[in-house]
Structures are given as C-alpha cells and as structure tokens.
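# got a structure for you, letters missing:
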Ligand code: GLV
C-alpha cells in the first residue's frame, strides 16, 4: 500500500508530480489554506502532511494525526510547527532552506530601494494625475543607498546574501547574529556589532532572524527610538519580529524615515490597518521567495524530503535531527 500524503494547498505542479510517483496524494488543489476544522479532519489517517507556513502544525493537530510520520513544509521558516512536540512523537519535519536565499535577498533589496527612493509613492503620483510640474528640484526627495551604512540583524544564509549585494553599493556593513561569523567578516569585510550599535549607526536596517520566543518583538518602541530619523527598516523575515503598532507610530511621527515590509503580524494585513495609510511604507504580500524558479525548487524540495522519510532514508533538510533517536528510520521499498 502506498503511503498517503495530504497536500494542504495548491503548490507548483512539480511537487505534486514527484509525490504521485510513489504516494497516494490527497491534493487540496486550492489557493487559500484550509480551515482549521478541515485540516484537523484531513490529517486523521495520513502518513505525511505537505503544508505551507499558514497551517499551524501544533499539538492538537499532531495528536489527531495518529499515523503521521513526516511533515514537509514548503518554506524555510518552521515557526508554525511545534517542533519539540513533533520530535517527541517521532515525527520528522523537513523544510526548504537554501533554494530561496538569493530570491529573498533580491526582494529585500527591492523593498529597501523602493522605500528609500519612494518608488511606489512616485508611481502612484503619476497614475493619479498628480505629476503636474516637470522635473522639480525638490520633488519626491529620498535617501541615498550608495556608500551608506547597512545593518543586518541575523546573518544566516539570507542575511549573508543581502550583505553580499551591499558590497556593490559600497556600503559599510554591520551585522549582528547570536553567532559571530569570522568567516563572513573576512569574505565580505563586514563588522560584528551589537543590535544597539546597529540601530544607532545604520542608515538601513534589515532583519533576517527566525521567529522564536526570543525574537518576537525584537524591534519595538525602544529600538525604533534609537534609530536614525533618516533610517529605513526592512523586514522580509517574519512580521512579529517587529512590533507593528510601534513601527506605525515611528513612521507617523518620523522617528525613522521609511519601511519596506513583506511580512506582517497578521497575514493578510487588514486593508484598514493604519500602517497602510502611510506613504513612507512600501508593502508586499509575503512574496519575497515568489519567483517561478524558486517556488518550483521549493515545491520539489519539500516533496523530496517527505519521500525520503517515507522511504526510510535520512532527508537532507531535517529541522529536528534528534527525531532519529525517537523513531529510527527503517528502509521501506516504495514503487
Ligand atoms: C517564507 O516566509 C518561508 O519561510 O519560506
């Protein structure tokens, strides 16, 4: 009998094709995520769940899924999964690191540049027929990027890729990470600094930390008040890393100049949210990894991880390596 994989949402076809080669695929071919009730019902008798970052894989769900052996998430982040509980139950969790790094770094830069140079505001002005005088010496002035100071908070793969791009802009780069990265310091000529120093000195601050109890609210009122009035803050990591209310206030009252955000405390963000009334914020709907190539690679990678576990082979991108001690892998022949 083929193992059963429940796929929670519409994903690029390559992922489904791969799963179908050796599994019975229960494909919920829809763009919106399932309701909680639908999800709890659907996982009851499956061997694997292929999910996205929108479906909470918590204790309640894991308890419902009595046959579950593996959760594959088509995301690099796994803050939606109760990893500790999954591990205690012998459930393998795989994700999709690496393949989205450069695409997310590109998007981080797109937001940074759009926010600094007021690209969206300018575009709106033209479309609304408000471009009424030709080239004007004081129209839509923004902030320079070239030669300025970039602060990278979180120097994992994505933070590194963002910093690497900044070399082309001749920027001085400060970074903070829980681990000091002397290799990266040598390679990129970057400097290790405290978060406080970064906030004080950087013209651009970009966050690239995973969401954990420690990083929730990492940038709040106190931190925003330390930043330069001319600074631009960018977030392509997770919304709750920045206190959104405090950020709104900071942008309204001019504590900082602008922000570029791909992620929010609640997604989708309410269109009436006061943040969206501000001109000095550029927003995108959590699409930092959304290129054709990268989403195909992510879809494939999550499927490969699931299949490996079901076959009893060690997957490459295991979030909880300790699980092997709880439920050792046993080779299974799958067609
Ligand atoms: C997207 O946010 C991801 O974690 O892949």
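On my side now, so go ahead. Quick caveat: nothing in here was measured; it's all calculated off a predicted structure.
# right, and the secondary structure at the residue most central in space within the chain would be what?
By C-alpha atoms, centre = their mean, the chain has its centre lying nearest to residue 237, at 4.1 Å. Three-state call for residue 237 (DSSP: H, G, I helix; E, B strand; the rest coil): coil.
# Per-residue pLDDT of it, please?
pLDDT recorded at residue 237 is 98.
# same deal with residue 335?
Looking at residue 335, the pLDDT reads 65.
# ok, now residue 1?
89.
# same thing with the one 4 residues further on?
Note on residue 5: pLDDT of 98.
# swap in residue 136?
At residue 136, the pLDDT value in this model is 98.
# in a helix, that's where it is, yeah?
No: with three-state DSSP as the criterion, residue 136 is located in coil rather than a helix.
# Residue 198 contacts residue 206, doesn't it?
No: assessed by C-beta atoms under 8 Å, residue 198 is found out of contact with residue 206, at 10.0 Å. C-beta coordinates here come from the backbone N, C-alpha and C atoms, glycine included.
# Comparing these two, which shows the higher neighbour count?
residue 206 (29 against 23; other C-beta atoms under 10 Å).
# who are the neighbours in contact with the more buried one?
Residue 206 is in contact with 108, 112, 150, 151, 152, 153, 159, 162, 233, 234, 235, 236, counting by C-beta atoms under 8 Å, 6 or more residues apart in numbering.
# any idea what it is structurally, helix, strand or coil?
Per three-state DSSP, residue 206 ends up strand.
# what is the nearest residue to it once chain neighbours are set aside paired to in the beta sheet?
The spatially closest residue to residue 206, leaving aside those adjacent along the chain, is residue 234, at 4.3 Å (C-beta to C-beta, 6 or more residues apart in numbering). Taking DSSP bridges, one finds residue 206, residue 260 as the beta-bridge partners of residue 234.
# residues from this protein in reach of the ligand?
53, 75, 76, 77, 100, 289 (C-beta under 6 Å from any ligand atom).
# And the furthest pair within the residues you listed?
53 and 100 (12.0 Å; C-beta to C-beta).
# neighbour count winner among these two?
When neighbours are counted by other C-beta under 10 Å, residue 53 and residue 100 differ, and residue 100 comes out ahead with 25 against 19.
# Contact partners for the nearest residue to the more buried one once chain neighbours are set aside?
Take residue 100 and drop its neighbours on the chain: the residue closest to it by C-beta to C-beta, 6+ apart is residue 289, 3.9 Å away. Residues in contact with residue 289 (C-beta under 8 Å, 6+ apart) are 76, 100, 103, 104, 107, 295, 298.
# Among the residues you listed, which one has the most neighbours?
That'd be residue 298 among the contacts of residue 289, by other C-beta under 10 Å, with 28 neighbours.
# pretty sure it is in contact with residue 94, am I right?
No: the criterion here is C-beta under 8 Å, and residue 298 misses it with residue 94 at 11.6 Å.
# just to revisit the earlier point, anything in contact with each of residue 198 and residue 206?
By C-beta under 8 Å, 6+ apart, the residues touching both residue 198 and residue 206 are 151, 152, 153.
# Switch the residues you listed over to CSV, and while doing so, append secondary structure and pLDDT to every line.
CSV is the format used below for the shared contacts of residue 198 and residue 206 (DSSP: H, G, I helix; E, B strand; the rest coil; pLDDT from 0 to 100):
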residue, secondary structure, pLDDT
151, strand, 99
152, strand, 99
153, strand, 99
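# Closest to the ligand out of the residues you listed?
For these, the closest approach to the ligand (C-beta to the nearest ligand atom) belongs to residue 153, at 16.5 Å.
# and that closest one, how many neighbours does it have?
26.
# beta partners for residue 4?
residue 24.
# right, and residue 334 touches residue 312 too?
No: using C-beta under 8 Å, residue 334 is not in contact with residue 312; the gap is 9.1 Å.
# overlap in contacts of these two?
Contacts common to residue 334 and residue 312, judged by C-beta under 8 Å, 6+ apart, are absent.
# Give me the three-state assignment for residue 14.
Residue 14 - assigned by three-state DSSP - is helix.
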